[in-house]
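*Asks:* The following block contains a protein sequence and its predicted model.
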Amino acid sequence: MSSQIAQLGDDSAAHSARHRPQRSPVHAVPSGEPDRELAIEAVTDLLRALGRDPESPHLADTPRRVADALVEMLTPREFEATSFANDENYRELVLVRDIPFSSLCEHHLLPFQGVAHIGYLPGERIIGLSKLARVLDYFSHELQVQERLTQQVADWLHAELGARGVGVVLEAEHQCMSARGAKAVGSSTSTSAWHGELLSDREARSEFLAACGRQGGGVTS
Ligand SMILES: Nc1nc2c(ncn2[C@@H]2O[C@H](COP(=O)(O)OP(=O)(O)OP(=O)(O)O)[C@@H](O)[C@H]2O)c(=O)[nH]1
Ligand SMILES: [Zn+2]
């Protein structure tokens with residue numbers, strides 16, 4: 001990921017040292033480049049293995065579509081993590097709630113989908129709000145488990161932003177649990193990851209959970 005933090009609204013030399021960008025790409029799962037042609041062949045073989053005829057007119061384009069869909073879901077979109085000097089010394093929680101996301105379960109290659117609540121207690125910098133959604137989107141484009149995805153988003157924000165605290169809560173339905181297997185349609189899995197004051201200060205964490213409507217819900221404070 002491009003982890004460059006653009007230095008906006010911050011021209012003076014005195015400020016620039018204080019606002020030096022930090023870089024800490026996080027990748028717990030080593031991943032290679034998808035090979036589209038190989039994937040198309042593999043889906044053709046998979047259809048055959050499942051007793052379906054890939055030569056049938058109905059399925060003629062299916063290997064290409066499936067391969068393209070998987071390649072798309074496993075290709076992270078790079079972005080610039082633009083941040084701004086916190087000149088007003090804003091100290092309170094910044095929270096973006098209900099960010100929709102979709103990722104791929106590494107056990108079944110089926111989607112899990114839901115919403116994220118991502119927030120932080122600012123230090124010397126504040127981050128562009130859309131970047132909270134973008135960092136989630138970035139780490140979602142990988143074969144994942146929900147716990148790792150949650151932690152990667154929190155770790156990345158903590159390392160990049162120098163925030164006093166970071167909190168990430170994900171609530172998702174896993175299709176491997178609903179469309180098959182346990183058939184637990186409508187079930188929702190909650191995960192959370194905390195850093196800094198949001199980890200150490202129970203009251204700050206409760207405020208975060210209350211603000212995202214989780215007080216007394218599945219995520220404990
Ligand atoms: N902790 C965790 N487990 C997950 C996640 N996504 C899927 N799983 C679980 O991974 C487990 C894989 O277990 P297995 O017993 O090997 O898979 P399975 O035979 O398909 O099991 P069933 O889903 O129970 O039919 C299942 O319990 C899934 O529900 C996730 O994000 N986090
Ligand atoms: Zn699964």
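*Replies:* Okay, I see it. Numbers count the residues shown, from 1 in each chain. Ligands and ions are numbered 1, 2, ... in the order given.
*Asks:* Specify the beta-bridge partners of Pro100.
*Replies:* With DSSP bridges applied, Pro100 shows beta-bridge pairing to Val115.
*Asks:* Make sure it is actually in contact with Val115.
*Replies:* Yes: under the criterion of Cβ atoms under 8 Å, Pro100 makes contact with Val115 at 5.6 Å. (Glycine included, C-beta is placed from N, CA and C.)
*Asks:* Of these two, which one has the most company?
*Replies:* Val115 (16 against 11; other Cβ atoms under 10 Å).
*Asks:* what about the residue most central in space within the chain, distance to ligand 2?
*Replies:* By Cα atoms, centre = their mean, the chain has its centre lying nearest to Leu136, at 2.4 Å. Leu136 sits 19 Å away from ligand 2, going by Cβ to the ion, to the nearest Å.
*Asks:* Over to Ala69?
*Replies:* 17 Å.
*Asks:* for Val96, same thing?
*Replies:* Taken as Cβ to the ion, the span from Val96 to ligand 2 is 27 Å.
*Asks:* Am I right that that residue is in contact with Ala133?
*Replies:* Yes: using Cβ under 8 Å, Val96 is in contact with Ala133, at 6.7 Å.
*Asks:* Mind listing the shared neighbours of these two?
*Replies:* Taking Cβ atoms under 8 Å, 6 or more residues apart in numbering as the criterion, Val96 and Ala133 both touch Ile118.
*Asks:* related to what we said a few turns ago, got the contact list for the residue nearest to the centre of the chain?
*Replies:* Contacts of Leu136 by Cβ under 8 Å, 6+ apart are Ile99, Phe101, Ala116, Ile118, Leu149, Val153.
*Asks:* As a check, name the ranges of all helices in this protein.
*Replies:* 13-18, 36-49, 62-73, 129-140, 146-161, 175-178, 197-200, 202-211 (DSSP state H).
*Asks:* Between the ones you listed, which one is closest to Thr191.
*Replies:* helix 146-161 (4.3 Å; Cβ to Cβ).
*Asks:* and the closest one, is it in reach of ligand 1?
*Replies:* Yes: using Cβ under 6 Å from any ligand atom, helix 146-161 reaches ligand 1 at Gln146, Glu147.
*Asks:* If you count neighbours, what's buried in that helix?
*Replies:* Residues of helix 146-161 classed as buried: 146, 148-161 (neighbour count, 16 or more other Cβ atoms under 10 Å).
*Asks:* Around ligand 2, pick out the residues from the protein.
*Replies:* Counting by Cβ under 5 Å from the ion, the chain comes close to ligand 2 at Cys105, His107, His108, Cys176.
*Asks:* Good, wrapping up.
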